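Colleague: Okay, here's the prediction I keep looking at, along with the sequence it came from:
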Amino acid sequence: MSRSEEKLRTDVYARITDRIVAGLEKGVRPWMQPWRSENGSGGVTRPLRHNGLPYSGMNVLLLWTEAAARGYASPIWMTFKQALELGGAVRKGETGSTVVFASRFKKTETDASGDVVDREIPFLRSYTVFNAEQIDGLPANDRNQSEALCDPIERSDHADRFFAQTGAVIRHGGDRAYYSPATDHIQMPPFATFCDAGSYVATLSHEATHWTAAAHRANRDLSRYAKDRSERAREELIAELGSCFLCADLGIAPELEPRPDHASYLGSWLEVLSSDKRFIFAAAAHAQRAVAYLHGLQPQTGLIAEAA
C-alpha cells in the first residue's frame, strides 16, 4: 500500500470517528438519531441497499447519522450508477454520503528466518451513495419503506420468540439488568417495571449482546470488564450498538434515553474514541458479529450478514 493510500485510509477512520465524537460531546448518541427525527414514516429499519438488502456494521451508523442530519425518511441508498440502472438520476447539486468496505491485499515480504511469505493486510475503502430522496425518476417502491411495520403486540410476540430461540437463560427479578458471565445468565427486572414493550426489548437486546461474548459464542474477552474502566466502556459500546442493530431488525425503536447505569459511559466512550480513531469500526464489527450470532440461533438463519 502506498503512502498516499495509507493516509487516505487513516483519514477515513479519523473523519468518521471525529463526526461521532462531535455528537457525543453534545450529549447525543449519533446512532439514536433516526428515532428522534419527525419524518412521518415512523419506520425503524436498517439502511437498505437499492436491492433491499440491509447494510451492516459501521455502515448502519454512518447512514443512520446521515439520514438524521439531512432529514431523510427513506431507508434506501444507492450509488450514482445504481440509480441510473434503475431509471433514476441524482439531482444536480446533491452531495452523497460515505460508506465503507473492508478488504484485504497480499504483501510479499521476507520474515525473520529469511523466508519469503505472503501476508494479508486489511484496509478500508470508501465509496459514495445517495439516499432515494436525492434521486428523481425512481420507481415508487424504491423510494419508500420496503414493508409496513407490525403492530406493537405482534412485534413484542416476535421478539419474545426470537430471544426464546437463542437458548439464553433469562431470569426475571430485582431492579437491575445485567449479564453474569460466572453463571452465564441474563438478569432482567420484571416486564411490568418497563414503560413499554420496546424498552424491555431494547434492554434485553443489550444484555443478549453481552451474552454472546462467551468463548463458544462470538468470543469477546470480558476478563478485564470489572477491573478496567476502558475495557468496560468498550464492551458497553459494543452492547449499545448491538442493541440498536437488533432492535432495528426486530422493528422496534430502542431506548431514546440511556439507562441511568449506562449514562456514565458517555465520558468513557469519548475517551476511548478520541484516543483510538479505529475503535468505533471495531465496536460496530463486534456488534454485527454478536447480532449475526443471535440470528444464527433462529430456526431459519436471519438475513443480516456480517459483510458491510
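Modeller: That came through, no problem.

Colleague: State the distance from the residue of the chain most remote from its centre to Arg46.
Modeller: Outermost residue of the chain with respect to the C-alpha centroid, by C-alpha atoms, centre = their mean, is Gly114; its distance is 42.8 Å. Distance, Gly114 to Arg46, using C-beta to C-beta, to the nearest Å: 49 Å. Just so you know, the C-beta spots here come from the backbone N, C-alpha and C atoms, and that holds for glycine as well.

Colleague: Validate this expectation: the residue farthest from the centre of the chain resides in a helix.
Modeller: No - read with DSSP: H, G, I helix; E, B strand; the rest coil, Gly114 is coil and lies in no helix.

Colleague: For it, grab phi and psi.
Modeller: With angles defined as degrees, to the nearest 10, Gly114 sits at phi 90, psi 0.

Colleague: now the one 5 residues further on
Modeller: Backbone torsions of Arg119, given as degrees, to the nearest 10, read phi -120, psi 130.

Colleague: need the contact list for it.
Modeller: Lys106, Lys107, Thr108, Glu109 (C-beta atoms under 8 Å, 6 or more residues apart in numbering).

Colleague: Who does it form a beta bridge with?
Modeller: Beta bridges link Arg119 to Lys107, judged by DSSP bridges.

Colleague: What distance do you get for it to Glu133?
Modeller: 44 Å.

Colleague: Quick check: which ranges of the stretch 151-300 of the chain have low pLDDT?
Modeller: 151-156, 254-264 (pLDDT under 70).

Colleague: need the helices for it, in chain order.
Modeller: Assigned by DSSP state H, counting those that start in this stretch, the stretch 151-300 of the chain shows helices spanning 152-164, 197-211, 229-250, 260-263, 265-275, 279-296.

Colleague: between the ones you listed, which one is nearest to Asn51?
Modeller: Asn51 lies closest, by C-beta to C-beta, to one member of the helices of the stretch 151-300 of the chain: helix 229-250, at 17.7 Å.

Colleague: any idea how far the residue farthest from the centre of the chain is from Lys107?
Modeller: Counting by C-beta to C-beta - Gly114 and Lys107 are separated by 17 Å.

Colleague: Leu246 too?
Modeller: Taking C-beta to C-beta, one finds Leu246 at 37 Å from Lys107.

Colleague: Pop the domain breakdown of this structure in here.
Modeller: 1-149, 150-308 (automatic domain parsing).

Colleague: Over the first one, what's the mean pLDDT, rounded is fine.
Modeller: This means domain 1-149. Throughout domain 1-149, pLDDT has a mean value of 76.

Colleague: How many neighbouring residues does Tyr293 have?
Modeller: Counted with other C-beta atoms under 10 Å, the neighbours of Tyr293 add up to 20.
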